[in-house]
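# sequence unavailable; structure follows:
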């Protein structure tokens, strides 16, 4: 096993670093995976395979922007469009032959609720030389219509059943990829563990409708017919930075409920800071998709470089020392201190006099902020310490201090 600062063991598998490509378009064939491996990714979860290849609509990606910046994406793409034989006879052997020796390859599989399908797929893919299997019981669109994907992942009994079935077909570590489209993810995670899961992956995409073209009353993304007329759409899987708060929530909930099972975290990881956030709430490997689709495989170089620098600066010797660091500080609402003597203070050196804080506090806060000459100030007698001013301040000029 690599002894570098980012090396980590996950479900008994040594990783040179904790970063994997998640099962998605960036892992749809051998060529892409090999290129990513040579650029420094620690591993990849291959595009999900099932008994029969799938056919996708065109187009199948919709985007959400805020002031021109990409913040989220919706997809209505399904599984691998290539037959099992291509993966087994050609692509996986090619990846294993051409990728660095320590590059981890995880096969993603999906079948119906019938246990036999999972057993057979697990057995078949295990013979290819992959390092582990990931069970896709969480695809939120298309697959549930066939009683697959999230149809299974939303039912603890089915999750336990198919996990047990897959275990029958392999001695490899099994990851179960969980859906966020549930009221409570913990019972699903516990069911996967009962079924024999060696690790959990969280989260898959969030079922969504990305938006509507109001000129034609057509939802995005447009799925065109053969005549490029009468486009339609459907609910898809939402991903990207906008889902990171959900991913952090679900990973932390699983980590607190099941502290002894490894978690591969994903959902809106764009940079090394996001990676540290996921590590601190309990993930020990990290899967990336959307950021790669937007910015390319080379982002791994900046991510690993800056994570290594952060660890050195903070005195972390291993990635394991970061894992779960924030969990003790996540408590219940009831346990939180109420109305502490904290008020806002605006740093005049940072303040750009944008006045967003004045408007927000006047209309939705406590009328505690005003202009005084060429400075924005806070009345500590009126301020309630709610934090709204810090939310709207684009200059990061708001601090919170103890009320005198």
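Yep, that arrived. Here the structure is a predicted model, which means the values were calculated and not measured.
# name the residues linked to residue 62 by a beta bridge.
residue 74 (DSSP bridges).
# where do the strands of the stretch 151-300 of the chain begin and end?
174-177, 199-202, 206-208, 212-213, 218-219, 236-239, 263-266, 285-288 (DSSP state E, counting those that start in this stretch).
# so which elements touch the fifth one?
Helices and strands touching strand 218-219, by 3 or more CB pairs under 8 Å, 6 or more residues apart in numbering; DSSP states H and E, are strand 212-213. (Glycine included, C-beta is placed from N, CA and C.)
# and the strand it packs on, what does it pack against?
Checked by 3+ CB pairs under 8 Å, 6+ apart, strand 212-213 has strand 218-219 packed alongside it.
# now do stretch 159-174, average pLDDT.
Averaging pLDDT along stretch 159-174 yields 98.
# isn't residue 197 up against residue 174?
Yes - if you go by CB atoms under 8 Å, residue 197 and residue 174 touch, sitting 5.5 Å apart.
# please enumerate the helices of the protein.
Counting by DSSP state H, one finds helices in the chain at the ranges 30-39, 84-86, 92-98, 115-126, 150-153, 156-168, 186-194, 244-257, 272-280, 290-295, 299-314, 356-364, 388-392.
# okay, now the unreliable bits of the stretch 151-300 of the chain?
In the prediction, the stretch 151-300 of the chain carries no residues with pLDDT under 70.
# contacting residues for residue 272?
Going by CB atoms under 8 Å, 6 or more residues apart in numbering, residue 272 touches 302, 303, 304, 305, 306, 307, 310.
# number of nearby residues for the fifth one?
So that's residue 306. Using other CB atoms under 10 Å, residue 306 has 15 neighbouring residues.
# and the residue lying closest to it once chain neighbours are set aside, how close does it get to residue 289?
Leaving out its chain neighbours, the residue that sits closest to residue 306 by CB to CB, 6 or more residues apart in numbering is residue 272, at 4.0 Å. As judged by CB to CB, to the nearest Å, residue 272 and residue 289 stand 17 Å apart.
# ok so, going back, from the contacts of residue 272, list just the buried residues.
Burial by neighbour count, 16 or more other CB atoms under 10 Å: within the contacts of residue 272 this picks out 303, 304, 307.
# need the residues you listed in a markdown table with pLDDT and distance to residue 143, can you?
Compiled in a markdown table, the buried ones among the contacts of residue 272 are given as follows (pLDDT from 0 to 100; distance: CB to CB, whole Å):
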| residue | pLDDT | distance to residue 143 |
| --- | --- | --- |
| 303 | 98 | 30 |
| 304 | 98 | 33 |
| 307 | 98 | 34 |
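# that older thread, residue 22: which of the helices of the chain is closest?
Nearest to residue 22, of all the helices of the chain, is helix 290-295, at 8.7 Å by CB to CB.
# neighbouring contacts of the closest one?
21, 24-26, 36, 70, 73, 239-241, 268-271, 299.
# show me the contacts for the spatially most central residue of the chain.
With distances taken as CA atoms, centre = their mean, residue 267 lies nearest the centre of the chain, 1.7 Å away. Neighbouring residues of residue 267 by CB under 8 Å, 6+ apart: 180, 202, 203, 239, 243, 244, 246, 247, 248, 250.
# which non-adjacent residue is nearest it?
Using CB to CB, 6+ apart and skipping residues adjacent in sequence, the residue nearest residue 267 is residue 247, 2.5 Å away.
# circling back: need the strands of the stretch 151-300 of the chain in a markdown table with distance to residue 374, can you?
Below are those laid out as a markdown table (distance: least, CB to CB, whole Å):
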| stretch | distance to residue 374 |
| --- | --- |
| strand 174-177 | 55 |
| strand 199-202 | 49 |
| strand 206-208 | 45 |
| strand 212-213 | 44 |
| strand 218-219 | 48 |
| strand 236-239 | 44 |
| strand 263-266 | 46 |
| strand 285-288 | 45 |
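# between those strands, which one is nearest to residue 321?
Closest to residue 321 of the strands of the stretch 151-300 of the chain is strand 285-288 (CB to CB; 15.2 Å).
# paired strands for the closest one, with orientation please.
According to DSSP bridges, strand 285-288 has these partners: strand 19-21 (parallel), strand 263-266 (parallel).
# break this protein down into its structural domains.
Domains of the chain are assigned by automatic domain parsing as 8-329, 342-402.
# can you say which of those is packed in most?
Stretch with highest mean neighbour count among the domains of the chain: domain 8-329 (a mean of 20; mean count of other CB atoms under 10 Å).
# residue contacts, residue 382?
366, 367, 368.
# dump those residues to TSV, plus pLDDT.
Formatted as TSV, the contacts of residue 382 follow (pLDDT from 0 to 100):
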residue	pLDDT
366	97
367	97
368	97
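# as CSV, those with distance to residue 134 would be great.
Output for these, formatted as CSV (distance: CB to CB, whole Å):
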residue, distance to residue 134
366, 49
367, 53
368, 51
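# out of those, which comes closest to residue 79?
Closest to residue 79, out of all of the contacts of residue 382 and judged by CB to CB, is residue 366, at 52.2 Å.
# the contacts of residue 272: which two are farthest apart?
Farthest-apart pair in the contacts of residue 272 is 302 and 310; separation 12.1 Å (CB to CB).
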